[in-house]
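Engineer: Build me a model from this:
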Amino acid sequence: MQALTVHPLQAKSAEVSSVPDPNPGEGSILVRGRLLGVCGTDIDIVGGNYGWSPEGTDRLILGHESFGEVLEAPTDSGFSPGDLVVGIVRRPDPVPCSACAVNAWDFCDNGEYTERGIKSRHGYGSQHWRVEPEFAIRVDASLGDAAVLVEPTSVVAKAWEQTEILGRRTPRPARTVLVTGAGPIGLLAALLGHQRGLDVHVFDQMASGTKPELVKQLGATYHYGTIAELKVRPDIVIECTGYGPLVFDLPNIVAPDGIICLTGISSGSHALSQDPSAINKELVLQNTVVFGSVNASRDNYLQAASALAKADIRWLSKLISRRVPLSRALDALDRQADDVKVVIDLTA
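Structural biologist: I've put the predicted structure just below:
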């Protein structure tokens, strides 16, 4: 079969090539891959900045944003041929740590977890792949190709889950959320904020184009320019850019008792333009919480699938801005100015 593979930590090593059919040891459910989402993590791996191949191999099958159709499944698995599924990315460490022992692998505390398409396990970027029943999520057929958005939505589902847990510390309910970044993660974070009935604002740098239009179609308010010019005092900030200077500006604009959730990571380094002591003072005196959130649990995947099933499918479909056949998969890794979510068609 054909797959998108890369030699981790070796730039410009990505290629589409023939690989053996998936090993039954990777899971009892056999899936025909339909779509593979591409994100910044994939681009970092292809750039030679990140990634680990499975033990005993020098190449990694890329891809963690999956969507496919079940071809074979054991009768006692809960799945049947024809079911539409996505695969969970992370697997618990073998020790296991206290978190992984209770299936909270997204909180793994020893770093020995593995991840499909990222760390020591082949990904979903192949024409066929296997998955264990406990790491497969059935999706509603009405989602169609938008089911490929389940994995990135699971990331923001966890971010919202943890934000709401922290929000119980104060008697005043949150009313306003600011999402920084209008990429796929930011737009999906805005969607989940909108579904919670909050006043949603999205901040990005594009003055016009697809992303501002998608924000407006969601019923949210779009802002661009500088964060200092923002006229909103949000109770919650979901930060999706990873841009350090912006992150350190957020304590200045969040409301008292506010929560800032960091979901983005960017490469490179930036000089700190603010006095750390002043930032500390602002956080303490305003009862501000700042926390990071990464990966997702099985429950978060289920939350994501449910949230997408409730969304306007016409809006979700617009998030998929470019489709590239597997035979030209490398084209999907070259970002274009108006890209939102680029997907690889594993059937073409």
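
Engineer: For the rest of this, base every contact and every neighbour count on C-alpha atoms.
Structural biologist: OK.

Engineer: how about the strands of the stretch 1-150 of the chain, start to end?
Structural biologist: 2-6, 15-18, 29-38, 60-61, 65-72, 84-87, 90-91, 114-116, 120-121, 128-131, 136-138 (DSSP state E, counting those that start in this stretch).

Engineer: Next, format these as JSON lines and append mean neighbour count, distance to V150 and mean pLDDT.
Structural biologist: Below are these laid out as JSON lines (neighbours: other CA atoms under 10 Å; distance: least, CA to CA, whole Å; pLDDT from 0 to 100):
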{"stretch": "strand 2-6", "mean neighbour count": "25", "distance to V150": "21", "mean pLDDT": "98"}
{"stretch": "strand 15-18", "mean neighbour count": "15", "distance to V150": "25", "mean pLDDT": "97"}
{"stretch": "strand 29-38", "mean neighbour count": "25", "distance to V150": "10", "mean pLDDT": "98"}
{"stretch": "strand 60-61", "mean neighbour count": "28", "distance to V150": "20", "mean pLDDT": "98"}
{"stretch": "strand 65-72", "mean neighbour count": "24", "distance to V150": "8", "mean pLDDT": "98"}
{"stretch": "strand 84-87", "mean neighbour count": "27", "distance to V150": "7", "mean pLDDT": "98"}
{"stretch": "strand 90-91", "mean neighbour count": "22", "distance to V150": "14", "mean pLDDT": "98"}
{"stretch": "strand 114-116", "mean neighbour count": "21", "distance to V150": "15", "mean pLDDT": "98"}
{"stretch": "strand 120-121", "mean neighbour count": "21", "distance to V150": "20", "mean pLDDT": "97"}
{"stretch": "strand 128-131", "mean neighbour count": "24", "distance to V150": "16", "mean pLDDT": "98"}
{"stretch": "strand 136-138", "mean neighbour count": "21", "distance to V150": "9", "mean pLDDT": "98"}
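
Engineer: Between the ones you listed, which one is closest to L246.
Structural biologist: Closest to L246 of the strands of the stretch 1-150 of the chain, according to CA to CA: strand 29-38, at 24.5 Å.

Engineer: Starting from that closest one, tell me which strands it pairs with and how they run.
Structural biologist: strand 65-72 (antiparallel), strand 128-131 (antiparallel), strand 341-345 (antiparallel) (DSSP bridges).

Engineer: what's the closest of these to L198?
Structural biologist: strand 341-345 (24.5 Å).

Engineer: Show me what the closest one is in contact with.
Structural biologist: 34-39, 183-184, 319-326, 329, 332 (CA atoms under 8 Å, 6 or more residues apart in numbering).

Engineer: Tell me which of those residues fall in helices.
Structural biologist: Judged by DSSP state H, the subset of those located in helices is 184, 319, 329, 332.

Engineer: Any quick ChimeraX command for the buried ones out of those residues?
Structural biologist: Applying 16 or more other CA atoms under 10 Å to these leaves a buried subset, and the ChimeraX line that selects it is:
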select :184,319,329,332
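
Engineer: Distance to A190 added to the strands of the stretch 1-150 of the chain, as JSON lines?
Structural biologist: Formatted as JSON lines, the strands of the stretch 1-150 of the chain follow (distance: least, CA to CA, whole Å):
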{"stretch": "strand 2-6", "distance to A190": "31"}
{"stretch": "strand 15-18", "distance to A190": "35"}
{"stretch": "strand 29-38", "distance to A190": "19"}
{"stretch": "strand 60-61", "distance to A190": "31"}
{"stretch": "strand 65-72", "distance to A190": "19"}
{"stretch": "strand 84-87", "distance to A190": "22"}
{"stretch": "strand 90-91", "distance to A190": "24"}
{"stretch": "strand 114-116", "distance to A190": "26"}
{"stretch": "strand 120-121", "distance to A190": "31"}
{"stretch": "strand 128-131", "distance to A190": "30"}
{"stretch": "strand 136-138", "distance to A190": "23"}
